[in-house]
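Novice: Next come a sequence and a model predicted from it.
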Amino acid sequence: MLNYISAELYKLRHKKSIFITVGLILVLESTLLLPGYWKALRGDQVGILLGFMVLMMPIGLLLAPAFAAVTFDDQHGHSTLKNEVVFGIPRGRIYLGKLCAAMLAGTLAAAVVVGWYLVLTWFLAKDLFSDVPGEVWTCVWSVLAGSWLSWLAAVAFTFFLLFTLKSAGGAMAVVYLLTCFGFPLCMIGYEDPGHFDIFYWFSRLFYIAPYRNIILAPDIVAEGLPWPLLRVLGETAALCLGWVAGSSALGLALFRRREVK
């Protein structure tokens, strides 16, 4: 399995689209945080910069399917998946190896993007970081953790569709439609099932729900209360890992039963 993942990562290292996309994001961050724009940076403005990063986290949900698609490389359309199966590579290794490679590559890219933003912010106001309230950092790290878990769930769900549907374009369309329409639905405050049973459970069980759990619970996150915050993060981890395990198990089961042409 490790050799297969290494091979997939080797192929990803030769995908120029990944490096171009990450490079453009880094350029945009560097432009936003040019020192000339922030000549008199104050502690509250550092909090604003960190808050802006938190608000931008959902954009990662639009990049997650792209990493899955680049790793899968439309193997149905190119008829390359059959070659791997005929060569004798176990189907479980094919599915899980590509999934792990996409998750590792995407996590590394996200770490570079977020890390560069924090480094630039620190260079702008390294003497003011001590003035940033602890509640702000609690919010930042909580949202980062929830965003990463949601990102993993989105990658796993995209792989399920890519392996199940013969059309890579169709799979990507389904993912982006669900993401674009699902995010606002998850953020709407359905507090009582009532006549909105579908919306109520969708807003709590969809893989974007962690944004609702964290962002819509500012009292818990802002105050940094240990047990309530751990409960929210635990629910987030359970939900997203459930999506990863469930979609992967179902996708692998269908892939094993399917005749690859």
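Specialist: Here it is on my side, so go on. Computed from a predicted model, the values in this text were never measured in an experiment.

Novice: hey, let's count contacts and neighbours off CA atoms from now on
Specialist: Fine.

Novice: Residue 14 versus the most centrally placed residue in the chain, what's the distance?
Specialist: For the chain, residue 151 is the residue whose C-alpha lies nearest the centre (Cα atoms, centre = their mean; 1.8 Å). Taking Cα to Cα, to the nearest Å as the measure, residue 151 and residue 14 are separated by 23 Å.

Novice: pretty sure the residue nearest to the centre of the chain is touching residue 57, no?
Specialist: No: in this structure, residue 151 is not within contact of residue 57 by Cα atoms under 8 Å, at 9.8 Å.

Novice: and residue 88, helix, strand or coil?
Specialist: Secondary structure state of residue 88, per DSSP: H, G, I helix; E, B strand; the rest coil, is coil.

Novice: oh, and call the first residue 2 from now on, that's how I've got it
Specialist: Understood, numbering begins at 2; the last thing we discussed is residue 89.

Novice: count of residues packed around it?
Specialist: 8 (other Cα atoms under 10 Å).

Novice: For it, give its distance to residue 8.
Specialist: 16 Å.

Novice: can you check residue 170 too?
Specialist: Distance from residue 170 to residue 8, counting by Cα to Cα: 25 Å.

Novice: In terms of neighbours, single out the busier of the two.
Specialist: With neighbours defined as other Cα under 10 Å, residue 170 and residue 8 compare such that residue 8 has more, 15 against 12.

Novice: where's the more buried one, which helix or strand?
Specialist: helix 3-13 (DSSP states H and E).

Novice: So which bits of that helix are buried?
Specialist: For helix 3-13, burial by neighbour count (16 or more other Cα atoms under 10 Å) applies to 5, 6, 9, 10, 13.

Novice: got those as TSV, with pLDDT columns?
Specialist: What follows is these, written out as TSV (pLDDT from 0 to 100):
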residue	pLDDT
5	83
6	84
9	83
10	85
13	85
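
Novice: Looking at those residues, which one is closest to residue 186?
Specialist: Taking Cα to Cα as the measure, residue 13 is the one of those closest to residue 186, at 33.9 Å.

Novice: these two touch, right, the closest one and residue 74?
Specialist: No: counting by Cα under 8 Å, residue 13 does not reach residue 74; the two are 10.0 Å apart.

Novice: what do those two both touch?
Specialist: Taking Cα atoms under 8 Å, 6 or more residues apart in numbering as the contact rule, residue 13 and residue 74 touch no residue in common.

Novice: on contacts alone, who are the packing partners of whichever strand or helix holds residue 83?
Specialist: Element membership of residue 83 [criterion: DSSP H and E] is helix 82-87. If you count contacts as 3 or more Cα pairs under 8 Å, 6 or more residues apart in numbering; DSSP states H and E, helix 82-87 packs onto no helix or strand.

Novice: Could I have the CA atoms of it written out in PDB?
Specialist: What follows is helix 82-87, C-alpha atoms only, in PDB (Å, rounded to 0.1, in the frame of the first residue of the first chain):
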ATOM      1  CA  LEU A  82      -8.200   1.800 -14.500                       C
ATOM      2  CA  LYS A  83      -8.600  -1.400 -16.400                       C
ATOM      3  CA  ASN A  84      -4.800  -1.700 -16.800                       C
ATOM      4  CA  GLU A  85      -4.300  -1.500 -13.100                       C
ATOM      5  CA  VAL A  86      -6.900  -4.200 -12.400                       C
ATOM      6  CA  VAL A  87      -5.600  -6.500 -15.100                       C
END
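
Novice: This completes my enquiry, with thanks.
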